[in-house]
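[1] sequence and predicted structure are below.
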Amino acid sequence: MDMNEGFSLYQRLAASIQAQINAGALRPGDRVPSVRHLSHVRQVSVSTVLQAYRKLEDDGVIEARPQSGYYVRHRQRRLPEPAITSPPQHAQSVDNGTLVAAALDINNRPNCVPLATASPGPALLPTARLQRLIAGVARRHPTLAVTYSFRSGHPELCRQIARRALDWGIELDPGEIIITNGCMEALNLALRCATRAGDTVALESPAYFGLLQTIESLGLKVLEIPTHPRDGLSVDALDFATRSMNVKACVVVSNVANPLGSVMPETAKRRLVGLAAERHITLIEDAVYGDLYDGPLSPSLAKAYDKAGNVILCSSFSKTLAPGLRIGWIVPGRHRQRIANLKFINNVMTSELPQLAIAEFLASGGYDHHLRRLRRAFREQMEKTTVAIAKYLPEGTRVSRPQGGFLLWVELPKQVDSIVLMREAARENISIAPGPVFSTTDRYLNFARISCGYPWSADIERALRRLGEMAWMQLERSN
C-alpha cells in the first residue's frame with residue numbers, strides 16, 4: 001500500500017466514525033470501538049485505525065482516557081461570538097502605554113493566576129529536553145556563547161525553518177532568513193524598514209498591544225480595520241480605506257490572530273497580497289501563532305501568494321517551544337539588505353547557542369509530536385474555560401471561537417468596565433488583559449482577553465468565578 005492510499009484509507013475510516021456520531025449511533029460519552037476490534041472488523045491495520053483516531057482526536061470529536069480507550073467528547077453549548085468589529089475610519093495615534101504597563105505589572109506578581117499571559121504554561125513545554133540539548137550544544141561548541149557571530153542566523157536553524165515553511169505553502173532559501181530576538185524584534189525591524197515617523201499603518205482591530213506599543217515608539221499612526229472573529233481582517237474594508245488614505249504598511253495575523261483566534265480564508269489572503277502590491281503597501285505578516293492552528297492541515301500563509309517580495313514574514317518559537325530563549329525569525333523579501341543592516345544596528349546578533357539547540361529539536365522530529373500534544377491541551381483548556389465563562393459571567397456575555405492557539409476574546413455586557421475589572425481582580429492576584437489595550441480607542445472597554453495557556457486547575461476556575469462575581473457587581477451598581 002502506497003502512502004496516498006494509506007492516507008485516504010484512514011481519512012475514510014475517520015469520516016465513517018464521524019458519520020455514526022452525527023447520526024446519533026454513537027453519543028457523547030459512548031466508548032468507540034477499540035483499536036484492535038475496529039482493525040479486525042474493517043480489515044485494516046492497527047496503525048490505520050490509530051491514524052483515524054488521532055485525526056478525530058485532533059478535530060475534538062473523541063478523547064482518549066488512560067487505560068480505558070477512546071470516547072465521544074461531550075459538546076458544550078457555546079455562547080454567541082462577538083460581531084465583526086467597527087473601529088474608527090481614520091488614523092489615530094497610540095497612547096495606552098500606562099494601561100499596558102499596569103496590566104503587565106499585575107501579571108508579574110508571585111502566585112498570580114495568569115489569565116492575561118499570552119504564553120504556554122511551562123508544564124506544557126519540553127523543558128527538560130531543551131535543557132539537555134542546550135547543554136549538549138554548549139559542550140560540543142564551547143565558543144558559541146563567548147564569541148560574536150556576524151551571520152544572519154545559524155545555518156542549521158535557517159534550514160529547518162525553510163523545511164517547515166513548505167507546510168505553509170512557501171518555498172524558502174535558508175539564506176533569505178534572518179534570526180531575531182523573538183517575533184517582536186522581527187516586527188520592529190519590519191516596521192522600521194517600511195515606514196517613517198508620521199506614516200500610517202493599517203492593522204486588525206483588535207490588535208496585539210505589543211504591536212501597538214511598537215508603533216507608538218516609532219511615531220506612527222494606526223488605521224484600525226474591521227475584523228471578523230473567525231475570518232480575520234476585512235479585505236473589503238482595507239480596500240475602501242486605502243483608496244483615500246496613504247497607508248505605508250499593513251500588519252496582519254492571517255492564521256490564528258491575537259486576540260481573536262481568526263483565520264483568513266485562502267481567497268482573502270490571495271486578494272490581500274494583491275491589493276497590498278497594487279497600492280504599494282508593505283504587507284507584514286505575523287505568523288507567531290500559526291503552528292497552533294487546530295486542524296488536520298496547516299493553512300497557507302499570505303506569504304505563499306507573494307510573487308514580488310512585498311510580504312515580510314515574521315514569527316518565532318515563543319508560543320510553541322521556549323518563550324525565554326527569544327528565538328524568532330524574519331523573511332524580509334525584497335527588503336533583505338535593509339533589514340539585515342537594521343538588525344546589526346539594533347543588537348548585532350542573536351545568540352547562536354539556543355538557535356542550534358532548537359535546530360536539533362526540529363531535526364529530531366520531536367517538534368511535530370510536541371505540537372500535536374500542545375494543540376490538544378490548548379483545545380481542552382479553552383473548552384473548560386469557555387464552559388466556566390458561560391457558567392459564571394453575566395448573561396449577555398459573548399466569547400470568540402478561536403481556530404487555534406489559547407486565547408479567548410470575551411465581550412461583556414456594555415455596563416461592565418474591563419479596566420475596573422482588571423483592578424478589582426488584581427486585588428485578588430488575578431490578571432486579565434482589558435480590551436482597551438488592544439486598540440487606540442476605548443471602543444473595547446467592555447471586552448477582555450482571557451488566556452487558556454496554563455493547564456486547567458481549581459485556581460483558574462476560582463479566578464473565573466470571582467471575575468463573574470465582580471462583573472455582576474458592576475452590573476448591579478450600574479442599575
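    Ah, there it is. Note that the structure is predicted; figures quoted are calculated from it, not measured.

[2] the strands in the stretch 1-150 of the chain, which residues?
    62-65, 69-72, 113-114 (DSSP state E, counting those that start in this stretch).

[3] which of the residues in the second one are buried?
    Within strand 69-72, the residues that count as buried by 16 or more other Cβ atoms under 10 Å are 70, 71, 72. Every C-beta, even on glycine, is put in place using the N, C-alpha and C of the backbone.

[4] need the residues you listed in a markdown table with distance to residue 477, can you?
    Below are these laid out as a markdown table (distance: Cβ to Cβ, whole Å):
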| residue | distance to residue 477 |
| --- | --- |
| 70 | 48 |
| 71 | 44 |
| 72 | 44 |
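
[5] what is the nearest of those residues to residue 362?
    Distance to residue 362, by Cβ to Cβ, is smallest for residue 70 among those, at 29.8 Å.

[6] can I assume that closest one is in contact with residue 62?
    Yes. Counting by Cβ atoms under 8 Å, residue 62 is a contact partner of residue 70 at 4.9 Å.

[7] between those two, which contacts overlap?
    Common contacts of residue 70 and residue 62 (Cβ atoms under 8 Å, 6 or more residues apart in numbering): 32, 53, 56.

[8] for residue 128, state which of these is nearest.
    The closest of these, once distances to residue 128 are taken by Cβ to Cβ, is residue 53, at 28.0 Å.

[9] sketch out the low-pLDDT regions of the stretch 201-350 of the chain for me.
    Within the stretch 201-350 of the chain, no stretch has pLDDT under 70.

[10] burial measure for residue 228, as a count.
    20 (other Cβ atoms under 10 Å).

[11] hey, what's it bridged with?
    Beta bridges link residue 228 to residue 232 when assigned by DSSP bridges.

[12] how about it, what does it touch?
    Counting by Cβ under 8 Å, 6+ apart, residue 228 has contacts 84, 234, 262.

[13] from memory the last one sits against residue 403, does it?
    Yes. At 6.9 Å, residue 262 counts as touching residue 403 under the criterion of Cβ under 8 Å.

[14] surely residue 372 touches residue 55?
    No. Using Cβ under 8 Å, residue 372 makes no contact with residue 55, being 10.7 Å away.

[15] looking at those two, which one has more neighbours?
    Neighbour tally, residue 372 and residue 55, criterion other Cβ under 10 Å: the higher count belongs to residue 55, 19 against 13.

[16] help me confirm that the more buried one comes into contact with residue 12.
    No. At 11.0 Å, residue 55 does not count as touching residue 12 under the criterion of Cβ under 8 Å.

[17] if we can go back for a sec, adding distance to residue 450, write the strands of the stretch 1-150 of the chain out as CSV.
    As requested, these are exported to CSV (distance: least, Cβ to Cβ, whole Å):
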stretch, distance to residue 450
strand 62-65, 23
strand 69-72, 27
strand 113-114, 10
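
[18] could you provide the ones you listed in TSV, with additional columns for distance to residue 277 and mean pLDDT?
    Shown next, in TSV, are these (distance: least, Cβ to Cβ, whole Å; pLDDT from 0 to 100):
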stretch	distance to residue 277	mean pLDDT
strand 62-65	44	83
strand 69-72	47	88
strand 113-114	41	95
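
[19] these: which one's closest to residue 377?
    strand 62-65 (11.9 Å).

[20] and the closest one, what's buried?
    Applying 16+ other Cβ under 10 Å to strand 62-65 flags 62, 63 as buried.

[21] now swap in stretch 472-479 and tell me
    472, 474, 475.

[22] kindly report the same for stretch 99-113.
    So, applying 16+ other Cβ under 10 Å, buried residues of stretch 99-113: 99, 100, 102, 103, 104, 106, 107, 112, 113.

[23] and for residue 109, nearest residue in space, chain neighbours not counted?
    residue 429 (6.1 Å; Cβ to Cβ, 6 or more residues apart in numbering).

[24] can you tell me which of the shared contacts of residue 70 and residue 62 are in helices?
    53, 56 (DSSP state H).

[25] surely residue 57 and residue 65 touch.
    No. Look at residue 57 against residue 65 with Cβ under 8 Å: they stay out of range, at 11.3 Å.

[26] model confidence score at the residue nearest to residue 109, please.
    Looking at residue 429, its pLDDT is 95.

[27] same question, residue 164
    95.

[28] repeat for residue 87
    pLDDT, residue 87: 89.

[29] for it, give me its contacts.
    Contacts of residue 87 (Cβ under 8 Å, 6+ apart): 205, 224, 225, 226, 439, 441, 443.

[30] one more pass at 7 Å, please.
    Residues counted as contacts of residue 87 (Cβ atoms under 7 Å, 6 or more residues apart in numbering) are 205, 224, 226, 439, 443.

[31] let me see the ranges of the helices in the stretch 301-450 of the chain.
    Under the criterion DSSP state H, counting those that start in this stretch, the stretch 301-450 of the chain contains helices at 336-347, 352-363, 366-392, 418-426.

[32] is it true that residue 206 touches residue 438?
    Yes. Counting by Cβ atoms under 7 Å, residue 206 touches residue 438, with 3.5 Å between them.

[33] give me the common contacts of the two.
    In contact with both residue 206 and residue 438: 259, 444, using Cβ under 7 Å, 6+ apart.

[34] so which of the buried residues of stretch 99-113 comes closest to residue 433?
    residue 103 (5.7 Å).

[35] ok so, going back, and the buried residues of stretch 99-113, which of them are in helices?
    99, 100, 102, 103, 104, 106, 107.

[36] so who does the fourth one touch?
    Contacts for residue 103 were tallied using Cβ under 7 Å, 6+ apart; they are 116, 422, 433, 434, 437.

[37] separation between it and residue 377?
    25 Å (Cβ to Cβ, to the nearest Å).

[38] to residue 18, which of the helices of the stretch 301-450 of the chain lies closest?
    Comparing the helices of the stretch 301-450 of the chain by Cβ to Cβ, helix 366-392 comes nearest, at 16.6 Å.

[39] just want the angle from the closest one to helix 352-363.
    90 degrees (axes from the mean of the first three to the mean of the last three Cα atoms, to 10 degrees).

[40] ok, residue 126 - how many residues close by?
    So residue 126, with other Cβ under 10 Å, has 18 neighbours.

[41] swap in residue 80?
    11.

[42] for the contacts of residue 103, which one is nearest residue 352?
    For the contacts of residue 103, the nearest to residue 352 is residue 116 (32.4 Å; Cβ to Cβ).

[43] what's near enough to touch residue 47?
    Contacts of residue 47 (Cβ under 7 Å, 6+ apart): none.

[44] pLDDT score assigned to it?
    Confidence score, pLDDT, at residue 47: 88.

[45] that one and residue 13, how far apart?
    11 Å.

[46] now do residue 57
    13 Å.

[47] who's more crowded, these two?
    More crowded of residue 57 and residue 13, by other Cβ under 10 Å: residue 13, with 21 against 18.

[48] so that one sits against residue 52, correct?
    Yes. Residue 13 lies in contact with residue 52 (Cβ under 7 Å); the separation is 4.1 Å.

[49] residues contacting the nearest residue to residue 11 once chain neighbours are set aside?
    Nearest residue to residue 11, sequence neighbours excluded (Cβ to Cβ, 6+ apart): residue 55, at 7.2 Å. Residue 55 sits next to 10, 14, 296 when contact means Cβ under 7 Å, 6+ apart.

[50] sweet, I'm off.
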